[in-house]
Structures are given as C-alpha cells and as structure tokens.
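In: have a look at this fold, sequence not included:
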C-alpha cells in the first residue's frame, strides 16, 4: 500500500469513527423539540393531518431512531396512555447502527455504480498513448 | 423538514416523485463517470457523516429545533450529482429504516433537499464563487452563503408543496417555514464551513470544488504556489 493510499484509509476511518461517535454519544442529548416543519405544522394547526394518517411504511426496524427492545414503557400524563419512550442507550445505539450501516450501503452503491477498473485503465492507456 | 405521510396530496406526491426519480436516475448514470478510486470511500463517509449529523437537533427558537441538512457539504465535496445521490440515499434510509419522513413524501423530500437543497444550491455556489475573488476566505464565504440559502429555499419548496396540497395556505406556510429556516440555515452555514475547513486542513485534494491553485492560500510556511 503506497503512502497516499494509506493516508486516505486513515482519513476515512477517522471520519467514520467521528461520525459514529457523534451518533452514539451526542444524538441522545440532541434537542427533542419539534423541528422547523413540525413546529409550523403544530402552530398552524395541520399536524393532525400527519397524526391521523396511517404511515405508508410500517416496517422500519429502528422507528424514530430507537431500538424498540430497549425502549421504556411510560404512561403519558396527559392522555393516560402507555407510550414507548426511547432511552438514551436506545437512541445512541440506533444512531450508531444507522451511521455504520449507511456507510457500507453507500460504499456498496458507489462500487456498483463506478466504472469497472479495466475500462478505466483502457481509457487511461488510450489517453496516454493517443 | 422531513415531510411525513398525510401532508401532501396525490398530485404533489406523484409530481415530486417523478422529478426526484428523474434526478436520481440521471445522477446514477453520471456517477459512473464521476466515481473514481478516491470518491468511493469519500461518498461512503459523506453519507455516514450527514446521516449522523442530521440526528443532532439543535435548539433554534422557543420550542423549536433544527438540524443539519448537508446538501451543500455533499455537493462541495463530491460534485452536484454524487452530492444529490448522497442526500437521496440518506432520505431513503431514514424513511425505510427509521420512519423519518413518509414513504409517500419521499419524492418531495428528495426534491426539496436533494434537488433544491443540493443540485440547485451547487449551481448557486458556482455563481457566487465566480463573482467573488479567488482565495480561501471567499471560498468559505460562498459555501456559507449557499449553505444558508439551501435550507431557506428547501423550506420554501416544502411550503409551496403544502399549499398546493391544500394543507396550509401559501400565505401562512411560506412565511412561517422561511422564518424558522432562516435561523436553522445559520447552523447549516456554520457546520458546513467547519467541516469543509477540517477536510481542507487534512486532505485538500478530496474537496472537488476547491481549486488549490485558485483558492489555496499557502498555509504558513508552505510553498505550494503552482
């Protein structure tokens, strides 16, 4: 492995480690206030449109960035209903799984989309000789 | 600003879905030419970082939070087409894996964040960059301005879709969305510039839009005039 290749590998690995650490350690402490769109929907009275709609896709393995098995069951004080509340571990772990998982999905996609190396070499050869 | 199911009518869902599919389809074809040995791992890293950073909601105003979008960062690192593919992939995984953003609104979310907030923003960046003088501070200034604008415009597109769908009148949704995202955009600009300067400090060769000869300020003591 030449020097630049090794340097590239370290950069990517360090970047992935930082991203994974952000997801694992910082995401459980992120603001849980509604985001811009959600807040506007709340204020302008159209949030119910989403709440009343059955989601088109119900099989998300880590819904709302949580690991369902690690969620606590708590009773909502306002409605009296039992709701699932993600623990910090649940959120952090979901974030870690997502970050590492999407890294490999994106890598795989890029490899599939990339022009095969033989073609690249052939083109480079043509360019240098012709 | 991930739109959930229920906010858009069928017409808007289909129209934005077709636009998103067209852009992603064309982007996948362009990727063949644009992906080289260096871009493959960088694309994976950019996708992972943007996914993680999008989880980190920061407070913006009373009872409201915002989070990083990353379209401009992805486009400045990888170019507009790979950049928009990165955002589309993040949105797809968030929708299917994390129930964030509705499946029927996936096209609209890709349209707002991957097309308006990435592709279109990239060409705005090029325009600003062309007008400003070369040199590093102006590169960052262009990046910051574009990052802010990307969030602002994406939220505007979202408001227009809500209005066409009959969910909220344009006179209500547009000023409300633009107002809150004008603040969230400041966070976008800060994070974009911070990450770009970090990458440029370590691996300036990885940033496709940064021309070392044109924008490069020789760092202290370095002799990199070409």
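Out: Looks like it arrived, so ask away. What you are looking at is a predicted structure, and each value in this text was computed from that prediction instead of being measured.

In: pick out the residue of chain B closest to chain A.
Out: residue B:6 (3.0 Å; Cβ to the nearest Cβ). All C-beta spots, glycine's among them, are computed from the backbone N, C-alpha and C.

In: the longest helix anywhere in chain A vs chain B: in contact?
Out: Longest helix in chain A by number of residues (criterion: DSSP state H): helix A:88-113. Yes: interface with chain B: helix A:88-113 contributes A:94-95, A:98-107, A:109-111, A:113 (Cβ under 8 Å from any Cβ of the partner chain).

In: which among the residues you listed end up buried?
Out: With burial judged by 16 or more other Cβ atoms under 10 Å in any protein chain shown, the buried subset of those is A:94-95, A:98-103, A:105-107, A:109-110, A:113.

In: which strands and helices lie in contact with the longest helix of chain A?
Out: On a contact count with 3 or more Cβ pairs under 8 Å, 6 or more residues apart in numbering or on different chains; DSSP states H and E, helix A:88-113 meets helix A:3-21, helix B:10-34, helix B:39-54, helix B:80-98.

In: of those, which is nearest residue A:40?
Out: Between residue A:40 and the helices and strands packed on helix A:88-113, the shortest gap by Cβ to Cβ is with helix B:10-34, which sits at 16.9 Å.

In: give me the contacts around that closest one.
Out: Residues from elsewhere that reach helix B:10-34, judged by Cβ atoms under 8 Å, 6 or more residues apart in numbering or on different chains: A:110, A:113-115, B:8, B:78-79, B:81-82, B:84-85, B:88, B:104-108, B:110-111, B:114-115, B:119, B:161, B:164-165.

In: give me the buried positions along the biggest helix by length in chain B.
Out: As assigned by DSSP H, the longest helix anywhere in chain B is helix B:170-202. Within helix B:170-202, the residues scored as buried using 16+ other Cβ under 10 Å are B:172-174, B:176-178, B:180-181, B:184-189, B:191-193, B:195-196, B:199-200.

In: so where's the chain uncertain?
Out: If you meant another chain, say so; for now it's chain A. A:1-5, A:118-130 (pLDDT under 70).

In: switch to chain B, that's the one I care about
Out: For chain B, the stretches with pLDDT under 70 are B:216-226.

In: please redo it, this time with the cut-off set to 50
Out: Applying pLDDT under 50 to chain B flags the ranges B:218-226.

In: tell me, what residue is most central in it?
Out: Centroid check for chain B by Cα atoms, centre = their mean gives residue B:71 as the closest residue, at 1.3 Å.

In: count the neighbours of the nearest residue to it once chain neighbours are set aside for me.
Out: Sequence neighbours aside, residue B:118 is the residue nearest to residue B:71 in space, at 3.4 Å (criterion: Cβ to Cβ, 6 or more residues apart in numbering or on different chains). Residues lying near residue B:118 (other Cβ atoms under 10 Å in any protein chain shown) number 31.

In: try residue A:68
Out: So residue A:68, with other Cβ under 10 Å, has 14 neighbours.

In: ok, it to residue B:57 distance?
Out: 21 Å (Cβ to Cβ, to the nearest Å).

In: try residue B:10
Out: Applying Cβ to Cβ to residue B:10 and residue B:57 gives a distance of 30 Å.

In: between the two, who's got more neighbours?
Out: More neighbours surround residue B:57 than the other of residue B:10 and residue B:57, with 21 against 9 (other Cβ under 10 Å).

In: can you verify my assumption that that one contacts residue B:100?
Out: No: with contacts counted by Cβ atoms under 8 Å, residue B:57 stays clear of residue B:100, the gap being 11.6 Å.

In: what residue in chain A comes nearest to chain B?
Out: Across chain A, the shortest distance to chain B (Cβ to the nearest Cβ) belongs to residue A:53, at 3.0 Å.

In: and that residue, what is it in contact with?
Out: Applying Cβ under 8 Å, 6+ apart to residue A:53 gives the contacts B:4, B:5, B:6, B:102.

In: which of the three states applies to it?
Out: Classification of residue A:53 using DSSP: H, G, I helix; E, B strand; the rest coil returns coil.

In: and it, backbone torsions?
Out: Backbone torsions of residue A:53, given as degrees, to the nearest 10, read phi -90, psi 130.

In: mind checking how far the most centrally placed residue in chain A is from residue B:30?
Out: Centrality entry for chain A: nearest residue to the mean C-alpha point is residue A:98, 4.3 Å, by Cα atoms, centre = their mean. As defined by Cβ to Cβ, residue A:98 lies at a distance of 26 Å from residue B:30.

In: count the residues that sit near residue B:43.
Out: Residue B:43 has 29 nearby residues by other Cβ under 10 Å.

In: pretty sure it contacts residue B:79?
Out: No: between residue B:43 and residue B:79 there is no contact under Cβ under 8 Å: 10.2 Å.

In: could you count how many residues lie near residue B:166?
Out: Residues lying near residue B:166 (other Cβ under 10 Å) number 12.

In: list the contacts of it.
Out: By Cβ under 8 Å, 6+ apart, residue B:166 lies in contact with residue B:9.

In: next up, phi/psi of it, please.
Out: Torsion angles, degrees, to the nearest 10, at residue B:166: phi 80, psi 20.

In: picking up where we left off before, so what's the gap between the longest helix of chain B and the chain middle?
Out: 9 Å (Cα atoms, centre = their mean, to the nearest Å).

In: does that helix come close to chain A?
Out: Yes: contact between helix B:170-202 and chain A is present through B:172, B:173, B:176, B:177, B:180, B:181, B:184, B:202 (criterion: Cβ under 8 Å from any Cβ).
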